[in-house]
Each structure stands twice: as structure tokens, then as C-alpha cells.
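>>> Everything below, folded, please.
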Amino acid sequence: MTLEEALNESLKLKGGNFITSAFRKWSLDWSKYAVIKLNEKFLDNENILFAIDISMTNKHFDNTSGFFVITNIRVLFYYTDGTIERLDVLPLNAIQTLELGGSDIWSHLHIVGLTDTFHIQDKPVVISKIHDILDDLVYSSKASPINENSSNETDTIQALKSYKELLDAGVITQEEFEKKKVQLLGI
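This is a model prediction of the structure:
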């Protein structure tokens, strides 16, 4: 699915768009720019599963809006404040837990990873959809190891491959890659 198709699906999930025409024009202009920039960040073997313009918090910022994207290999959050562009990435195999909370009106999801935690908030139907997708991706792949040792070795190899792809794509630095390699290999 393309990024544009995923964003259109999530807009339908949210129940359409009720914003004023001036804000809607600004939002569409921002979306077009962000979609172009974000499309440049995807890897060749990456399939977009879900994308949404959403409010989020992590260690780098406090409650900002941007594009939250789930692919077959990672979770991405792209945002800009007009001067600084940022792409935060959490590989699926680095996700430790998913913590769902909220009410009938507003829900949130903490996505806890090895190096970062994302906190997203939106309507319950949106958060539930994101939770279900991530739950399937993260836990179904971890649920059926043949044996503990081969599973851990396979997970480590897959994690290293994912981080190498991120390095090759310029998403992480060589230093970040080396730190992660030392952590994963326990050396």
C-alpha cells in the first residue's frame, strides 16, 4: 500500500475531516510536503501497513503532531517544526511491550522499545487499530520459537540486519549502529 492510501484509510477510520477550510488547506499542503519527504525514507523491502497523522510524545519532544507509520519492519514517526525535520524509528524486533489505556473518548498507546518509547494518542478506534496491528506483528512473530536458543540467535541476526538496513539508508549513524551491535551481541 502507498503512504497516501494508508493515510486516506486512517482518515476514514477517524470519521472524516471536520476542520475549517483555511486550516484544511494548510494541513493538506503540510501533508503533501511530508508525504514526499517521508516516501524518501522507506527502504526497498519495506511495506507500509498503516499510516496516520497523529499526536505523539517521546524522549525527543513533548506532544507534537506528525506522521506515524507502521511497516513490515519498523515503526516510524516523521515530524517537522518548520526548521528541523526528524524521523524517529523503532524496529519491530526492538518493541518490548505495548501498553494500551484511555477512555471511550480518548485513548493512548505506549510503545516501549529497547532504546525509545513512543506515546501516541487519538480516538479509541484509531488507537485500537494501531494496537492490533502492532500486537500481530510483534507478538505473533515471537510466539512460535522452535527452541529458545535458535530463536534468540535468529532474533539477534534479524535485529542486526534491520539495524544495518537503517544504517545503509542513513536513518541511524555508524556510532548508533555500533552501540546497538555491541548491545545485541553482548560484547
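>>> Enumerate every residue touching residue 112.
Under the criterion of C-beta atoms under 8 Å, 6 or more residues apart in numbering, the contact list for residue 112 reads 95, 96, 97, 98, 99. From N, CA and C alone the C-beta is placed, and that goes for glycine too.
>>> now the third one, nearest residue through space, not along the chain?
With C-beta to C-beta, 6 or more residues apart in numbering as the criterion, residue 97 has its nearest non-adjacent residue at 4.6 Å, and that residue is residue 112.
>>> buried ones in the helix or strand where the one you found lies?
With secondary structure defined by DSSP states H and E, residue 112 is part of strand 107-113. Of the residues in strand 107-113, those scored as buried under the neighbour-count criterion (16 or more other C-beta atoms under 10 Å) are 107, 108, 109, 111, 113.
>>> Of those residues, just say which sits nearest to residue 166.
Proximity to residue 166 was ranked across those by C-beta to C-beta; first place goes to residue 113, at 13.2 Å.
>>> count of neighbours near residue 83?
Using other C-beta atoms under 10 Å, residue 83 has 5 other residues around it.
>>> Tell me the spacing between it and residue 38.
Here the distance between residue 83 and residue 38 works out to 18 Å (C-beta to C-beta, to the nearest Å).
>>> helix or strand right after the helix or strand bottoming out on mean pLDDT in the chain?
Averaged element by element with mean pLDDT, DSSP states H and E, the chain has its least confident helix or strand at helix 21-39 (a mean of 61). Sequence-wise, the next helix or strand downstream of helix 21-39 (DSSP H and E) is strand 48-58.
>>> could you pull out the strands for this structure?
Remark: strands of the chain, listed N- to C-terminal, are 48-58, 61-71, 74-80, 85-91, 95-102, 107-113, 117-122; assignment by DSSP state E.
>>> what pairs with the first one, and is each one parallel or antiparallel?
Spelled out, it's strand 48-58. In its sheet, strand 48-58 lies beside strand 61-71 (antiparallel), strand 117-122 (antiparallel), with partners assigned from DSSP bridges.
>>> Dump that strand to PDB, restricted to CA.
As requested, C-alpha coordinates have been extracted for strand 48-58 and formatted as PDB (Å, rounded to 0.1, in the frame of the first residue of the first chain):
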ATOM      1  CA  ILE A  48       3.500   0.200   4.500                       C
ATOM      2  CA  LEU A  49       0.800  -1.400   6.700                       C
ATOM      3  CA  PHE A  50      -0.700   1.700   8.400                       C
ATOM      4  CA  ALA A  51      -0.100   5.400   8.400                       C
ATOM      5  CA  ILE A  52      -1.800   8.300  10.200                       C
ATOM      6  CA  ASP A  53      -1.300  12.000  11.100                       C
ATOM      7  CA  ILE A  54      -1.300  11.800  14.900                       C
ATOM      8  CA  SER A  55      -0.200  13.400  18.200                       C
ATOM      9  CA  MET A  56       2.800  11.800  19.800                       C
ATOM     10  CA  THR A  57       5.400  12.100  22.600                       C
ATOM     11  CA  ASN A  58       8.800  10.500  23.000                       C
END
